[in-house]
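Student: what would the 3D arrangement of this be:
(chains A, B and C)
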Amino acid sequence: MRAPDDSPKARIGDVLLSVEEVSLAFGGVKAISGVSFDIRQGEIRAIIGPNGAGKTSMLNVINGFYHPQQGRITFKGQTRSRMRPYEAATGGIARTFQNVALFRGMSALDNIMAGRTLKMNVNFFWQLFRHGPAVREEVEHRRFVEEIIDFLKIQDIRRTPVGRLPYGLQKRVELGRALAMQPELLLLDEPMAGMNLEEKEDMSRFILDVNEYYGTTIALIEHDMGVVMDLSDRVVVLDHGEKIADGTPDEVKRNQAVIDAYLGVAH
Amino acid sequence: MANNAARADTFPKLLVRNAVEFAARPAMRHKDLGIWQSWSWSETLDIVRAYAVGLSRLGLKRGDTVAIVGSNRPKLYWSILAAQTLGAVPVPVYADAVADELAFVLKHADVRFAAVEDQEQVDKIQSVLERLPNLEWMFYDEPRGLRDYDHARLRSMDDVIADGRKALAADATLGAWLDSEIAATKGSDPSIILYTSGTTGTSKGVVLSGERSIAAATDTVNFDHLDENDVALAYLPLAWVGDHYLNFAQGMVAGFCTACPENAETAMADLREIGPTFYFAPPRTLEALLTRVMIRMEDASPLKRRIFHYFIGVARQYGERILNGQSVPLKGRILYGLGNLLVYGPLKNVLGFSRVRTAYTAGEAIGPDLFAFYRSIGLNLKQLYGQTEAFLYVTCQPDGAIYSDTVGPAAPHVDIKIADNGEVLFKSPGMFTGYFRDDDKTAEVMTPDGYVKTGDAGFFDDKTGQLKIIDRAKDVGKLKDGTLFAPKYIENKLKFFPNIREVVAYGDGRDFVTVMLNIDLTAVGSWAERNNVAYASYQELAGHPLVYDMLEKNVAEVNRSLAQDKMMAGAQVKRFLVLHKELDADDGELTRTQKVRRGFVAERYAPLITALYDGSSEADISTQVTFEDGRKGVISARVKIRDMKVEPVAAAMEKAA
Amino acid sequence: MNILYAIFIDPFVQMGTAPDLLVQTLWDGLVAGVLYALIALGFVLIFKASGVFNFAQGIMVVFAALTLVGLHEKGVPAYIALAITVAVMFGLAVGVERLMLRPLVNQPDIILFMATFGLTYFLIGLGELVFGGNPKVMIATELGLPKGTIDVNMFGGFVSLQKIDIAATVIASVMVATLAVFFQKTRVGRALRAVADSHKAALSVGISLEQIWVIVWFAAGVVALATGIMWGARSEVSFALQIIALKALPVLILGGFTSIPGAIVGGLIIGIGEKLGEFYWGPLLGSGIESWLAYFIALLFLLYRPQGLFGEKIIERI
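Tutor: Now for the predicted structure:
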């Protein structure tokens, strides 16, 4: 039973990241036009819209892979006109990809350990000789990673090269790697793509647990409306690179522009 | 080396002895967060004492029942010991029981306390809470997900143990009180209640006493020469009598180490890592292991395949004789030694059997080929036969007298009689004291002179002097023309084929015998892959005509084998079908120990059985199924039926087609 | 019949009758193989981490050797010259990363390959400009490398081992072992493997591609320097040295483009194979086997096992 006074909104805090008037174009093609929205600490923010709406491009801008021609990104109080991947990562932004970007030759365990890269501080030479602080640090990191493996229930594949895993498990490993970075903001690009009902339920559970247990803010791109309605606190709707709605799932569901562009008949 | 455990007549007293005699040796191991954690006997005693004190402070008293729900975890085993320390009675329940089953047991046993593994079990119990007004406390091992739960009646085991430790440290007399509680535990009192899975009817609670359990375990520990250096992997359900006997009881008596795997999926890998010296697996598991090996072999390079098959042939020729200690020509020994280096050794290593000195299998008949295979590669596999009411062992095979089609002579100090109707009766040192709160059923199952009716039909084989089990006594029936119909006998013969996972045979009171088959998805799936047969679901594969062809050949072979025996020739299979879905314990079609519930299945699939006997070539069936998360759904299919040729027999018992 | 005899029997008879010659040939092959392996190693390092086939690896060998010798000629003591050369190679790595790799980061691999062509000619030009085009002598003794030969009595004859060759083998082995440990055990090594596997994933995990590239090109530069010293000590330091880089190609094909052990094994096989082939089968097929045997072996591998002995067979679920 939930403790009686656990109100869902209690955990949502101030604005963690905001994008203002961001525009992105490739050659002549405008991917994003003047989009602004914010993400609050502790919430689950969904970014939805038809294909080609600019959702992945938006994540790439937040993450630093793409540099917008116009606009600003403010993360943890610091405003930049362009983010760089290294800054995003060190700042606490972790990312999963639509097509799963894992280190295919490595095992699931090694992949998730790679996520700890930024947290590894010990000097190069200690590592070379596997002595003292290096060993201690490695044990700490391994422990952390094992907790994640336990959390995601992937103990039985920890030594399997990820290239051999089915898609659903690969996505879980990728989520594990992102979690290993101990991110403040987790960007998930279609985490449920290609999954069957049972896998989707598992993944939804994991996403909710990550948000509740670790307190991570989550921004996710998702097509499955059921998932979006269940999981997210607020929703941003993009269409042809522009923002057409922004609000709670219920508000967005009833928004006429959204229905016309994306949802079709109101659910 | 005979064991002196019998001086202690309850498990808590045994624990105290172990903490002294084997203090630093590992008692329990558990793979957690990727590494093997270990607890010695003295550490175990400390934890159990603290746990018991903590429990008593929450109100647990002598004679109370405590439910234990979960898979093999150290804290759950310690919960059993802690309860026993206070003279309370643990009542284990299967971890994968659905809420209804759980509610039944907890209510019947009238539990006030429940020790559970994780959030899943807590949720299950909470969903039926209104049926359990007497349940006061729930303790959990794994805290994940339970942080926000209302803890008025919920506590983590760690907290209970910590509380007990503090109390013990603060109050010196508590320790002495605990010692006196332990001393006050009586061997004749109930030490545990194991609910049987009930192939027929509802579950009954088998009550076992400490002194009997320890006596029986001592006998078998001596029989198999187990001692404190042995290691066993506890991967079969904690609530099953086998686990309580083989791992818990024997472990306590001999002082060996019980290892708990990380979870069900990693169990095979953990087996390899731990390298147990004592191993038990039901025939099903052994078959699955072999199938996996064979499948991998099919994918290996031609050279490796040739080497493998050649040396397996060598093993078949000499292996068992070497294992039995019989004489073998020198050439044979050399070849076998080479084979051990190249094939058997690595094979056993991969399966985790390298250090196994004694392995048992039981629960159902095992295919002679399968049995011989494992023995031939050097695994000392033996059979035992028993039931929960006997606290497992009724018969077991001694080293040197091992046959695939018998279950062994009587176990040490066990007395076996065969009733007139062929039913096997026994009296054993470990036998139960009765069914919990069910004297009627207890009386039903005992004979006037104190023997327990097993419900199985069997006889002692003249050649070997060992017991042979034919079938459940009440299942042995007759066809309309009087031919003996032992369904298990036919089913087992069919199940020996790797492609067939489960079989249900019908024929009692009918004109002829028919069977319903389940394919083995691993084996048939692999065949499909190699032969480019496409399928989108289990149902599609099960209904595929090529699959039917394959199985028809298997059935034909069984018919031929039945035709050899005058008694059985008339019971050949006339028609068969392949079920569109696997028989599943969650749907009530199998028991939790994977035995078929014949009556229930007959009801559920009545339309198919009607079709089998009215000559139809196909039939429609809709069955309700329960998914793993408890939701219900419906699966429908049109199932095809095939006719079989019946082999002729010399005697005039031929049936017209 | 005679031909068959000559191909399949005679050479082995010769091997058998003069085992000391066989050992000598094997030794020479080993030495050559080790040096091929070193060159291939440089290629593998860069290819593994940045996906670029570095056409300039050969010239880097020459350039490194030239720098070393040139500095010494100008009066710099041997070990200081060595240190400065190492620093120069580091500077080269930084320069390459900043001016060549960074601007071209998202371009197709072929563009980067062409860029290494450019780098080659740049280094040739720079080298000629600064140090002149004349062949020079390697400062082997000044660096403390042993001179002379050891003659070992064996099998009734004797085998002549050049001390410099022994030193080369030892140094190469140490270098390889260090690199292997580096790749496997350290954080930087892990990051290198990550970058080699997937740029996108590496970026998102916070690995700095620029840093990794500098490290890798520097490592390749140090390997090039070692190779240059060894080869230069056996012959002389001139621009002709870069031809041996071409020999690295069969080695890479044999061993796999992304495998360090592959580079070593491939190098040894080619080196020993060439020498044996030349010595025992050479007279039969007209001499000059050495120049084409390696490529012939490479061709066979391309036909039957294109990923090489140790290269990664890409396992993918379809």
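
Student: phi, psi for residue A:232 please.
Tutor: Backbone torsions of residue A:232, given as degrees, to the nearest 10, read phi -90, psi 150.

Student: and it, what's its pLDDT?
Tutor: pLDDT recorded at residue A:232 is 92.

Student: just give the number of residues close to the nearest residue to it once chain neighbours are set aside.
Tutor: Take residue A:232 and drop its neighbours on the chain: the residue closest to it by CB to CB, 6 or more residues apart in numbering or on different chains is residue A:46, 3.8 Å away. C-beta here means a position set from N, CA and C on the backbone, and glycine is covered the same way. Per other CB atoms under 10 Å in any protein chain shown, the neighbour tally for residue A:46 reads 25.

Student: okay, now the sheet partners of the helix or strand encompassing residue A:46, with direction.
Tutor: Assigned by DSSP states H and E, residue A:46 falls within strand A:44-48. Strands that pair with strand A:44-48, judged by DSSP bridges, come out as strand A:217-221 (parallel), strand A:234-239 (parallel).

Student: that one - what's its average pLDDT?
Tutor: Taken as a whole, strand A:44-48 carries a mean pLDDT of 93.

Student: got it, and stretch B:525-535?
Tutor: 88.

Student: just stretch C:136-149 next, same as before
Tutor: Mean predicted confidence for stretch C:136-149 is 74.

Student: contacting residues around it?
Tutor: The contact list for stretch C:136-149, computed with CB atoms under 8 Å, 6 or more residues apart in numbering or on different chains, reads C:65-66, C:68-70, C:72-73, C:78-79, C:81-82, C:160-164, C:166-167, C:229, C:232-233, C:236-238.

Student: taking the stretch 201-350 of chain B, what residue is nearest to chain A?
Tutor: residue B:265 (3.7 Å; CB to the nearest CB).

Student: what's the spacing between whichever residue of chain B sits closest to chain C and residue A:160?
Tutor: Per CB to the nearest CB, the residue of chain B with the smallest distance to chain C is residue B:529, at 13.4 Å. When CB to CB, to the nearest Å is the yardstick, residue B:529 and residue A:160 sit 19 Å from each other.

Student: ok, residue 183 - contacts?
Tutor: Assuming you mean chain A. A:92-94, A:216.

Student: the chain in question should be chain C.
Tutor: C:189, C:192-193, C:260.

Student: near chain A, from those?
Tutor: residue C:193 (CB under 8 Å from any CB of the partner chain).

Student: now, among the contacts of residue C:183, which is nearest to chain A?
Tutor: Nearest to chain A among the contacts of residue C:183, with distances taken as CB to the nearest CB, is residue C:193, at 7.3 Å.

Student: name the spans of chain A whose pLDDT lies under the cut-off.
Tutor: For chain A, the stretches flagged by pLDDT under 70 are A:1-10, A:121-131, A:264-267.

Student: residues of it that sit close to chain C?
Tutor: So chain A meets chain C at A:63, A:65, A:85-86, A:89-90, A:94-95, A:97, A:101-106, A:110, A:113-115, A:117-118, A:120, A:122, A:124, A:127-128, A:130, A:161, A:163-167, A:177-178, A:181 (CB under 8 Å from any CB).

Student: in the stretch 101-250 of chain C, what residue is nearest chain B?
Tutor: For the stretch 101-250 of chain C, CB to the nearest CB, closest residue to chain B: residue C:190, 18.2 Å.

Student: isn't that residue up against residue A:115?
Tutor: No - using CB atoms under 8 Å, residue C:190 is not in contact with residue A:115; the gap is 11.4 Å.

Student: which one of these two is surrounded by more residues?
Tutor: Using other CB under 10 Å, the more surrounded residue of residue C:190 and residue A:115 is residue A:115, with 27 against 22.

Student: thinking that one is in contact with residue A:96, fair?
Tutor: No - checked against CB under 8 Å, the pair residue A:115 and residue A:96 is beyond contact range at 11.0 Å.

Student: any residues in contact with both of those two?
Tutor: Contact criterion CB under 8 Å, 6+ apart; residues shared by residue A:115 and residue A:96: residue A:178.

Student: where do the helices sit along the stretch 101-250 of chain B?
Tutor: Taking DSSP state H, counting those that start in this stretch as the criterion, the stretch 101-250 of chain B carries its helices at B:119-127, B:157-170, B:172-184, B:210-223, B:241-242, B:250-254.

Student: make JSON lines out of those helices and add distance to residue B:427 and mean neighbour count.
Tutor: As requested, the helices of the stretch 101-250 of chain B are exported to JSON lines (distance: least, CB to CB, whole Å; neighbours: other CB atoms under 10 Å in any protein chain shown):
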{"stretch": "helix B:119-127", "distance to residue B:427": "37", "mean neighbour count": "19"}
{"stretch": "helix B:157-170", "distance to residue B:427": "39", "mean neighbour count": "17"}
{"stretch": "helix B:172-184", "distance to residue B:427": "29", "mean neighbour count": "13"}
{"stretch": "helix B:210-223", "distance to residue B:427": "11", "mean neighbour count": "23"}
{"stretch": "helix B:241-242", "distance to residue B:427": "18", "mean neighbour count": "24"}
{"stretch": "helix B:250-254", "distance to residue B:427": "21", "mean neighbour count": "27"}
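
Student: what's the neighbour count on the closest residue to the residue of the stretch 201-350 of chain B closest to chain A other than its chain neighbours?
Tutor: Of all residues not flanking residue B:265 in the chain, residue A:156 sits nearest, at 3.7 Å (CB to CB, 6+ apart). When counting by other CB under 10 Å, one arrives at 19 neighbours for residue A:156.

Student: show the contacting residues for residue A:156.
Tutor: B:262-263, B:265-266, B:269.

Student: quick one: list the elements packing against the helix or strand harbouring the residue of the stretch 101-250 of chain C closest to chain B.
Tutor: Assigned by DSSP H and E, residue C:190 belongs to helix C:187-197. When contacts are defined as 3 or more CB pairs under 8 Å, 6 or more residues apart in numbering or on different chains; DSSP states H and E, helix C:187-197 packs onto helix A:108-114, helix A:124-128, helix C:19-50, helix C:163-185, helix C:199-204, helix C:209-234.
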